[in-house]
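[1] Sequence and predicted structure are below.
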Amino acid sequence: MANQSSAYDFGLFEPKSAAEPERRVQQKTNVIELPQERLQENRRHRTNLGKMVLPIFAFLIITGLVGTYVNGEVQLYALTTEMNSVQKTLREQQDSYARLKIKSDCSLSMDAVETYATQQLGMKKTSPDQVTTVALTTGDKSQVVAKEKDGSWGWLEHAWETVSGFLS
């Protein structure tokens, strides 16, 4: 900084005397005089629709998202409540089914059938003299005999019955 040669006008910092006239040059002013009516008109606040649309649009989007979220939560609560009610009904029906199944099994057991047959119907157990043994020869067959139909298609029907008899 010592090598720089700079000049300062210290006169600018000295107090001005009253006797010294001001050396300012009158500059041309850029002020435009407006009538009072135009001033009032310019001072009125104008609404800028472009600046208002964005916040309104953002508010509507946020309100829609919040409304959708709340509606979803309400539906979820309603479905959860309904599901719990249906599950409770299912458990009750399963318990009722198990109880009735046990009651049904008890009423259809062999002991219950024997008791009903002896007490209500007056039946008794079989004795050895009531049993008859029948012996059959091995290779017994049964055959159903049907009348043969008369007609022109009789041979075709007979062939069909023969084929279906082999296949069954």
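    Okay, I see it.
[2] Now do stretch 84-94, average pLDDT.
    When pLDDT is averaged along stretch 84-94, the result is 96.
[3] Please state the offset of that stretch from the chain centre?
    A distance of 21 Å separates the centroid of the chain from that of stretch 84-94, by Cα atoms, centre = their mean, to the nearest Å.
[4] tell me the SS of Thr133?
    Following DSSP: H, G, I helix; E, B strand; the rest coil, we place Thr133 in the coil state.
[5] So what's the residue count around it?
    4 (other Cβ atoms under 10 Å). The C-beta positions use only the backbone N, C-alpha and C, and glycine is treated the same way.
[6] Lowest mean pLDDT among the helices and strands, pick that one out for this protein.
    Ranked by mean pLDDT, DSSP states H and E, the helix or strand of the chain with the weakest confidence is helix 36-43, at a mean of 76.
[7] where's the helix or strand following it relative to the chain centroid, distance-wise?
    Reading on from helix 36-43 to the C-terminus, the next helix or strand found by DSSP states H and E is helix 49-107. Taking Cα atoms, centre = their mean, the mean C-alpha location of helix 49-107 is offset from the chain mean by 9 Å.
[8] In the chain, which residue is most central in space?
    Centrality entry for the chain: nearest residue to the mean C-alpha point is Leu76, 8.9 Å, by Cα atoms, centre = their mean.
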